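S.K.: my questions concern the predicted model and sequence given below.
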Amino acid sequence: MKITGIVVAGVLVLGLIVLAAFPWGSLKGVIQRQLTARFGRPVTIGGIERVDTFGFNPTIRITDVRIPQAEWAGTGDFVRLREAEATFSGLALLKGAFGPRDVKARGLRLVLVRDRNGRTNWERPGKPKGGGSSTDLDGLTISDSVIAYRDDKQDRFVTARFASDPVHGIRAAGNGTIRGAAVRIAVAGPSVERFQGKPWPFTASIDGDALSITAKGRMDHPLDTDAMELDVTARATDLKLIDAVIEAGLFRTQPVSFSAHVRHDQPKWTVTQLKGVVGRSDFTGHVSVDKQDGRSKVDGAIVSRQFDFGDLASDEGKAKGPRSNAQSARGSCPIRGSISARSTRPTRGWRSGSSGS
């Protein structure tokens, strides 16, 4: 019995030693095959090597990674990466969990595409779209990297340079168009190292002549967009331009501007302190949108001192006549009072009732 215990202990110690000294670069072929299966197209890796020599939290370097673009998304590559290093837990990997703790990347070129039907080139073919964006990164360093995004469903195009380091934090800046309107985008936040385990402050902006959105807030954890709160101000020549960003199923209107406080706890969005103007109409209120089983449950209330339903149609819509303006015969009638909304349906709009005085 004693001998058996010694043998078992010896095997365990030997296994730990092998794990601590494991040459992770030998798994290059396995990793290529798994990534090829994941994306449904041939992935190539120039090299993988272990940077450290011994330990249960190894650091590996990977070079010259190429993932071709999906055939339906166009030509070129989905991902090109010159070099990256990642530190991870070898013990966690034995349990099937790969969670990099410290990531450094150089020379990343990423081209994201969504087609008119909502299909994306980053999701696994044949698998449902996943959620969740939280991260347990202890460090993130990225340099010489560019992200391009083409969204045919919402008519959005943007190209931005992205960088991150312990001193200057995370920042991205670029240019693009949203429904044909030229915009500049910017995102900034401190380094994830400084805010590990703490709320992470950030700012984001979309700025152009036809559309401007500014957000300042905090994520519960660094880069966790599933749990955050922010203060938002926005203006646009048409509410549909804002909808192209937030994708809430909104409609075309007269020029609009508003401010609000927003809380996101996936999958629920809660908007409070909503205050703004659309056309000649003012409004204040609150709204919550909770997505359940593919449907959006919308609950809210709007109060207006002077509301004109005609402001809920664009100039182009008005020019097409009454039928294209959702009964614009009523739309020219100003009301005072409140507009409440409660609906459970796919995200296409609200059923609403109104009362005036």
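M.R.: Ah, there it is. Keep in mind the model is a prediction, meaning the values are calculated, not measured.
S.K.: could you use CA atoms for every contact and neighbour count after this?
M.R.: Noted.
S.K.: can you read off the pLDDT for the residue positioned nearest the centre of the chain?
M.R.: Among the residues of the chain, Thr225 comes closest to the average C-alpha position under Cα atoms, centre = their mean, at 6.9 Å. If you check Thr225, the pLDDT there is 89.
S.K.: do you know how far it is from Ala182?
M.R.: Separation of Thr225 from Ala182 (Cα to Cα, to the nearest Å) stands at 25 Å.
S.K.: returning to that earlier point: mind telling me what element the residue nearest to the centre of the chain is part of?
M.R.: Thr225 belongs to no helix or strand when elements are defined using DSSP states H and E.
S.K.: how about the one 10 residues further on?
M.R.: Under the criterion DSSP H and E, the helix or strand holding Arg235 is strand 227-236.
S.K.: how far off centre is that strand?
M.R.: Offset of strand 227-236 from its chain centre (Cα atoms, centre = their mean, to the nearest Å): 14 Å.
S.K.: same check on stretch 211-220?
M.R.: Remark: stretch 211-220 is offset 13 Å from the chain centroid, using Cα atoms, centre = their mean.
S.K.: what residues does that stretch touch?
M.R.: Residues outside stretch 211-220 that contact it (Cα atoms under 8 Å, 6 or more residues apart in numbering): 181, 183, 198-207, 225, 227-237, 241-242.
S.K.: for the protein, which residues score under the pLDDT cut-off?
M.R.: Low-confidence segments of the chain, defined by pLDDT under 70: 1-21, 91-98, 125-135, 294, 318, 321-357.
S.K.: give me the neighbour count for the spatially closest residue to Lys198 that is not a sequence neighbour.
M.R.: With Cα to Cα, 6 or more residues apart in numbering as the criterion, Lys198 has its nearest non-adjacent residue at 5.8 Å, and that residue is His221. Using other Cα atoms under 10 Å, His221 is surrounded by 22 other residues.
S.K.: do the same with the one 10 residues further on
M.R.: Using other Cα under 10 Å, Asp231 is surrounded by 18 other residues.
S.K.: check the gap between the nearest residue to it once chain neighbours are set aside and Asp152 for me.
M.R.: Take Asp231 and drop its neighbours on the chain: the residue closest to it by Cα to Cα, 6+ apart is His261, 4.6 Å away. Counting by Cα to Cα, the gap from His261 to Asp152 is 29 Å.
S.K.: so the two - more neighbours on which side?
M.R.: His261 (19 against 16).
S.K.: other SSEs contacting the helix or strand hosting that one?
M.R.: Assigned by DSSP H and E, His261 belongs to strand 256-265. Identification of packing neighbours for strand 256-265 by 3 or more Cα pairs under 8 Å, 6 or more residues apart in numbering; DSSP states H and E yields strand 227-236, strand 268-278.
S.K.: CSV for those strands, including distance to Pro255?
M.R.: Formatted as CSV, the helices and strands packed on strand 256-265 follow (distance: least, Cα to Cα, whole Å):
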stretch, distance to Pro255
strand 227-236, 6
strand 268-278, 6
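S.K.: just these: most buried one?
M.R.: strand 227-236 (a mean of 20; mean count of other Cα atoms under 10 Å).
S.K.: list the contacts of the following helix or strand past that one.
M.R.: Once the chain leaves strand 227-236, the next helix or strand it forms, by DSSP H and E, is helix 239-246. Contact partners of helix 239-246, identified using Cα under 8 Å, 6+ apart, comprise 154-156, 178-179, 211, 234, 236, 249-256.
S.K.: filter those to the buried ones?
M.R.: Buried members of the contacts of helix 239-246, counted by 16 or more other Cα atoms under 10 Å: 154-156, 178, 211, 234, 236, 250-256.
S.K.: what's near enough to touch Arg80?
M.R.: Contacts for Arg80 were tallied using Cα under 8 Å, 6+ apart; they are Asp64, Val65, Arg66, Ile67, Gly107, Leu108, Arg109, Leu110.
S.K.: all good on my end, thank you.
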